[in-house]
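**Student:** No letters, just coordinates:
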Ligand SMILES: Nc1ncnc2c1ncn2[C@@H]1O[C@H](COP(=O)(O)OP(=O)(O)OP(=O)(O)O)[C@@H](O)[C@H]1O
Ligand SMILES: [Mg+2]
């Protein structure tokens, strides 16, 4: 196995003192590999944002060790942390956080001046990413004219512009309707699977649990095991996301069965080469049956 | 980052315009006061410049027209006229005085000129005679208008009554108006006989004024002779000396006002954009880059404000001439440079105001809703 892109060992962070002391993160250890999508979930106030702030080199831990891409970040100065964030980590926020005065394309290119090649070198990459995320036509638009889903895709494009090896997203679907949310999750999933980046997502969104490689449950600042709730949902044969077949609007009849999809995107993929996904699905079923 | 700096600044044009206008008003105020002062200073030397003599002759040891008195025995008129290269000598008596018109006192310089010879007289007339006869005076049109007087009316100058024979232009300023009477009348009024104050010397064509001045000094005893340029420059510098402190205080007050305004504007910019600044920090932008962006914004506001103030002042020059002829505005390069540098300094100082605010922005807050 390659060295993990992110390693945390016994990370502790407290706020306040005395009676008001809060152990927001209480001895968390975890690892994230390249190409892996890991979800952190848990109740409100359990320390998820605090944890990813530490893992994203935005906040210093009280104790413990965080190693990002081989660097122990406690050894870095503020300037060193800034440089690490700019080049190694892509951030996606719940409230999109686009710069209002800049166009879509300028927003995407904004972090590029913090990377070695600069904006010039990144420009073709920006166009490519915008194209891939279906934003090419909106590249000169201002953020306030975009829908929530579009804004979040722009934010993802911005997170990708410096080709970071680690993506950290805190509630990326929290402000989106279910369809846009699903689309954003798929994009993040592709980033891990196709581009081989490490993706760490904090979310309450149940659907992500089905596409994530691992799910971590954080409670009172500690990681715990959690029993998976039993769902009787059908799975999207392409992305393996859980779909409620009763309310699903995107489906196709193929052979003798009906297949449901999370998005148009998955249905298009399926219609292109149905065979690959049907075998994939039966393998998955087998795996599920083994687990239960 | 550079991109963002200006996009952000221009993203709400109304707000930018209001900001720039506020700062510009501070600069315009300074420029206006300096303009009034420069206008006055120009008026101080108007007589010297506009009568356009080649050389001025005065009492030995005297080198100015203002803040001094010059007396020359009148036989020196002929002595100077005899110097080689002199074409014409025109004597004047010159007095710093107050005259009464329309029930009000007006501060004015009084020039006594030879009866019937307009050589040392007013250079631009509104109405009436160019040269006063005995018992007559030529006063500035501005004073006549505001005192409700016209040709044929009486004014009192140094305790004597004179009849207005002409109204001149370009001879009024708040502190340096010029009135013309005959030399004999003025001599009688101040009880001097056989003396004049200055001699205006016209040179023969082709004669160098500086050389002529040297020759006059050498050949006529106990006189000083200066070319028009030098005489004018000396008097102008007296005016500037007198006003410099005031100008600096004005610049300081206007500058301080502009610092507060610009600082407030940049600070409120920062407060409004705190979230965006947090996001930038989260994305890896360093404090000093954010700070440089704010400095650039402050500089842009300062320079735009300066440009607007300069435009306003150039607009004000003809406007003030029409609306308020008593005020003469002059725009000098020195004043423009001074307020331009003030604008830069103001921006640099103003940008310090939001520093603490910028430093205190926490990148983690980008994760908050
Ligand atoms: N800067 C801070 N100062 C004091 N307490 C803080 C600070 N940041 C977080 N906390 C506390 O730490 C705990 C964990 O907060 P955190 O925001 O990490 O939770 P969360 O799991 O992200 O919650 P949510 O799901 O609501 O976003 C909370 O009790 C919170 O009040
Ligand atoms: Mg949170």
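**Tutor:** Sure thing, it's come through. The structure presented is a predicted model; accordingly, all values stated were derived computationally and were not measured. Numbering: from 1, shown residues only, chains lettered A, B, ... in the order given. Ligands and ions are numbered 1, 2, ... in the order given.

**Student:** Residue nearest the middle of chain A, spatially speaking?
**Tutor:** For chain A, the residue nearest the mean C-alpha position is residue A:201 (4.2 Å; Cα atoms, centre = their mean).

**Student:** for the helix or strand hosting it, packing partners?
**Tutor:** Using DSSP states H and E, residue A:201 maps to strand A:198-202. Contact partners of strand A:198-202 among helices and strands, from 3 or more Cβ pairs under 8 Å, 6 or more residues apart in numbering or on different chains; DSSP states H and E: strand A:37-41, helix A:48-55, strand A:166-170, helix A:178-193. No exception for glycine: its C-beta is placed from N, CA and C like everyone else's.

**Student:** Can you lay out the ones you listed as JSON lines showing mean neighbour count?
**Tutor:** Output for the helices and strands packed on strand A:198-202, formatted as JSON lines (neighbours: other Cβ atoms under 10 Å in any protein chain shown):
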{"stretch": "strand A:37-41", "mean neighbour count": "22"}
{"stretch": "helix A:48-55", "mean neighbour count": "25"}
{"stretch": "strand A:166-170", "mean neighbour count": "26"}
{"stretch": "helix A:178-193", "mean neighbour count": "21"}
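
**Student:** could the ones you listed be laid out in CSV, adding distance to residue B:353 and mean pLDDT?
**Tutor:** Formatted as CSV, the helices and strands packed on strand A:198-202 follow (distance: least, Cβ to Cβ, whole Å; pLDDT from 0 to 100):
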stretch, distance to residue B:353, mean pLDDT
strand A:37-41, 41, 92
helix A:48-55, 29, 95
strand A:166-170, 33, 95
helix A:178-193, 40, 89
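
**Student:** who touches stretch B:22-36?
**Tutor:** Residues outside stretch B:22-36 that contact it (Cβ atoms under 8 Å, 6 or more residues apart in numbering or on different chains) are B:246-247, B:250-251, B:253-255, B:257-258, B:261-262, B:265, B:301-302, B:304-306, B:308-310, B:312-313, B:316-317, B:327-332, B:335-336, B:338-339, B:342-343, B:346.

**Student:** out of those, which are buried?
**Tutor:** For the contacts of stretch B:22-36, a burial check counting by 16 or more other Cβ atoms under 10 Å in any protein chain shown picks out B:247, B:250-251, B:254-255, B:257-258, B:261-262, B:265, B:301-302, B:304-306, B:308-310, B:312-313, B:316, B:327-332, B:335-336, B:338-339, B:342-343, B:346.

**Student:** secondary structure class for residue B:289?
**Tutor:** Under DSSP: H, G, I helix; E, B strand; the rest coil, residue B:289 falls in the helix class.

**Student:** For it, which residues are in contact?
**Tutor:** Residue B:289 neighbours (Cβ under 8 Å, 6+ apart): residue B:1.

**Student:** any idea how far it lies from residue B:359?
**Tutor:** The gap separating residue B:289 from residue B:359 is 13 Å, by Cβ to Cβ, to the nearest Å.

**Student:** Check residue A:115 too.
**Tutor:** Distance of residue A:115 to residue B:359, given as Cβ to Cβ: 24 Å.

**Student:** Next: residue B:219.
**Tutor:** From residue B:219 to residue B:359 the distance is 76 Å (Cβ to Cβ).

**Student:** between those two, which one's more packed in?
**Tutor:** Neighbour tally, residue B:219 and residue B:359, criterion other Cβ atoms under 10 Å in any protein chain shown: the higher count belongs to residue B:219, 14 against 10.

**Student:** For the residue nearest to the more buried one when sequence neighbours are not counted, what is the enclosing helix or strand?
**Tutor:** Excluding the flanking residues, the one nearest residue B:219 by Cβ to Cβ, 6 or more residues apart in numbering or on different chains is residue B:83, at 5.3 Å. For residue B:83, there is no host helix or strand (DSSP H and E).

**Student:** wait, residue A:265 sits on residue A:183?
**Tutor:** Yes: the pair residue A:265 / residue A:183 is scored as a contact, 7.1 Å apart, by Cβ atoms under 8 Å.
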